[in-house]
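Visitor: Give me a model of this one.
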Amino acid sequence: MDISLSFTTLVLLVGLALAFDFLNGFHDAANSIATVVSTGVLRPYHAVAWAAFFNFVAFAIFKLNVAATVGKGILAPELVDAQVISSALASAIAWDLITWYYGLPTSSSHALIGGMIGAGMANAGTASLVPAGVLKTMAFIVISPLLGLLLGGLLMVAVSWIFFQRSPYAVDQWFRRLQLLSSALYSIGHGSNDAQKTMGLIWLMLISAGATSRDHLPFWVVASCYTAMALGTLFGGWRIVKTMGQRITKLKPAGGFSAETGGALTLFLASGLGVPVSTTHTITGAIVGVGATQRVSAVRWGVARNIVVAWVITIPATAVMAAGAWWLARLAG
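Guide: Numbering: from 1, shown residues only. This next block holds a predicted model:
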């Protein structure tokens, strides 16, 4: 893709990527606010404002390791063109809208990765893929929810032991305050990982267009992606809040604190390692871990199973959709 010939195309693709980033924040707002809303600590509109602010705060805390993985570690930049990027984004946006409509907390991140893989392979076969980055991302599909489950469960057990002599009312009052901290930490983790994926995609476009180098991500990309993510979170995705906050298991403030903190720690680790993980998978695993520490029957396993099925099909479904979009664009052109 030659920047001198396709400046308008590049601008349109950047705009589409920022629209996806906004939708990502909108779709995944439930991840940041479901527990704090369902436990009654914050009203929904106060919660999304809180989450949006801390999504943006991640801008000043984390290095751009995830952006580097998405920008240079999933697809080979020299084998990427406008058709690949537009097809990947179109499939990811379509998947987000479909799953938002049905209230399924699927992964916007994996929708984007799946779209990139499908469009890249349609364009140049397996030569377009960077195996190390793809395999690392695939491995964390399993690792991130399991780590969230483990940390959420361990924190809930620790809280139960520490506060077992306190009255339920006193415990609730303590953790209503602490949940403000844990939801802020989780929102920072969400911003550190999810906003960087769109940065990485725009970086990939700019590299393939010759508009920047592999070693330099322009500041305007970083600022615009964090802003789009925060604005999307501010508008919220209310259909998914109920699924995340109440349908998997009933949460009290102590449980909400444990789930959010376990999820945040997992996201901090992944962002530090530069792994683009699913914030949805991570917080769902943490919620299940908290519920399972109370009793196994406290978790609605049927709901959890449906969510897992949606997770499993996200990358293959968006890959097929993106490949189809690439072929349609090729035929139309």
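Visitor: helix or strand right after the helix or strand that contains N55?
Guide: Following DSSP states H and E, the helix or strand that holds N55 is helix 44-57. Next helix or strand after helix 44-57 toward the C-terminus (DSSP H and E): helix 65-72.
Visitor: With just CA atoms, put that following helix into CSV.
Guide: Taking C-alpha atoms only, helix 65-72 is exported to CSV below (Å, rounded to 0.1, in the frame of the first residue of the first chain):
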residue,chain,number,x,y,z
ASN,A,65,3.8,-4.0,24.7
VAL,A,66,0.4,-5.2,23.6
ALA,A,67,0.3,-2.7,20.8
ALA,A,68,3.7,-4.0,19.6
THR,A,69,2.4,-7.6,19.6
VAL,A,70,-0.7,-6.8,17.5
GLY,A,71,1.1,-4.4,15.2
LYS,A,72,4.1,-6.6,14.4
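Visitor: Mind giving me the packing neighbours of the helix or strand just after it?
Guide: Remark: after helix 65-72, the chain's next helix or strand is helix 82-101, criterion DSSP H and E. For helix 82-101, the packing partners by 3 or more C-beta pairs under 8 Å, 6 or more residues apart in numbering; DSSP states H and E come out as helix 7-38, helix 108-124, helix 168-209, helix 238-242, helix 301-332. Using the backbone N, CA and C atoms, a C-beta is placed for each residue, glycine as well.
Visitor: pLDDT weak spots in the protein?
Guide: Low-confidence segments of the chain (pLDDT under 70): 1-6, 29-32, 105, 236-250, 295-304, 306-307, 333.
Visitor: Give me the neighbour count for N65.
Guide: Using other C-beta atoms under 10 Å, N65 has 18 other residues around it.
Visitor: Hmm, P276 and it touching each other?
Guide: No. Under the criterion of C-beta atoms under 8 Å, N65 is not in contact with P276, lying 9.6 Å apart.
Visitor: From the contact counts, what lies against the helix holding N55?
Guide: So helix 44-57, by 3+ C-beta pairs under 8 Å, 6+ apart, packs with helix 7-38, helix 168-209, helix 219-235.
Visitor: Off-centre distance for the shortest one?
Guide: The gap between the average C-alpha position of helix 219-235 and the chain average comes to 14 Å, counting by C-alpha atoms, centre = their mean, to the nearest Å.
Visitor: Return the set of buried residues in that helix.
Guide: 221-222, 224-234 (16 or more other C-beta atoms under 10 Å).
Visitor: would you list the residues you listed in JSON lines and tack on distance to S108?
Guide: What follows is those, written out as JSON lines (distance: C-beta to C-beta, whole Å):
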{"residue": "V221", "distance to S108": "18"}
{"residue": "V222", "distance to S108": "19"}
{"residue": "S224", "distance to S108": "17"}
{"residue": "C225", "distance to S108": "13"}
{"residue": "Y226", "distance to S108": "15"}
{"residue": "T227", "distance to S108": "17"}
{"residue": "A228", "distance to S108": "12"}
{"residue": "M229", "distance to S108": "10"}
{"residue": "A230", "distance to S108": "15"}
{"residue": "L231", "distance to S108": "15"}
{"residue": "G232", "distance to S108": "10"}
{"residue": "T233", "distance to S108": "12"}
{"residue": "L234", "distance to S108": "16"}
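Visitor: From the residues you listed, pick the one nearest L154.
Guide: Nearest to L154 among these is T233, at 27.9 Å by C-beta to C-beta.
Visitor: doesn't V48 make contact with that closest one?
Guide: Yes. In this structure T233 lies within contact range of V48 using C-beta under 8 Å: 6.0 Å.
Visitor: ok so, going back, intersection of neighbour lists for N65 and P276?
Guide: The contact sets of N65 and P276 overlap at Q196 (C-beta atoms under 8 Å, 6 or more residues apart in numbering).
Visitor: coming back round to it: please tabulate the helices and strands packed on helix 44-57 in TSV and include distance to V130 as additional columns.
Guide: Formatted as TSV, the helices and strands packed on helix 44-57 follow (distance: least, C-beta to C-beta, whole Å):
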stretch	distance to V130
helix 7-38	19
helix 168-209	11
helix 219-235	20
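Visitor: Ok, which of those helices comes nearest G263?
Guide: helix 168-209 (5.3 Å).
Visitor: Just list what that closest one packs against, helices and strands only.
Guide: helix 7-38, helix 44-57, helix 65-72, helix 82-101, helix 108-124, helix 219-235, helix 253-273, helix 279-294.
Visitor: Now do that helix against helix 219-235: the angle between them, please.
Guide: Computed by axes from the mean of the first three to the mean of the last three C-alpha atoms, to 10 degrees, the angle separating helix 168-209 from helix 219-235 equals 140 degrees.
Visitor: Figure out how far helix 168-209 is from the centre of its chain.
Guide: Here helix 168-209 is found 9 Å from its chain centre; the criterion is C-alpha atoms, centre = their mean.
Visitor: hang on, the earlier thing: out of the buried residues of helix 219-235, who's nearest F175?
Guide: Closest to F175 out of the buried residues of helix 219-235 is T233 (23.1 Å), distances taken as C-beta to C-beta.
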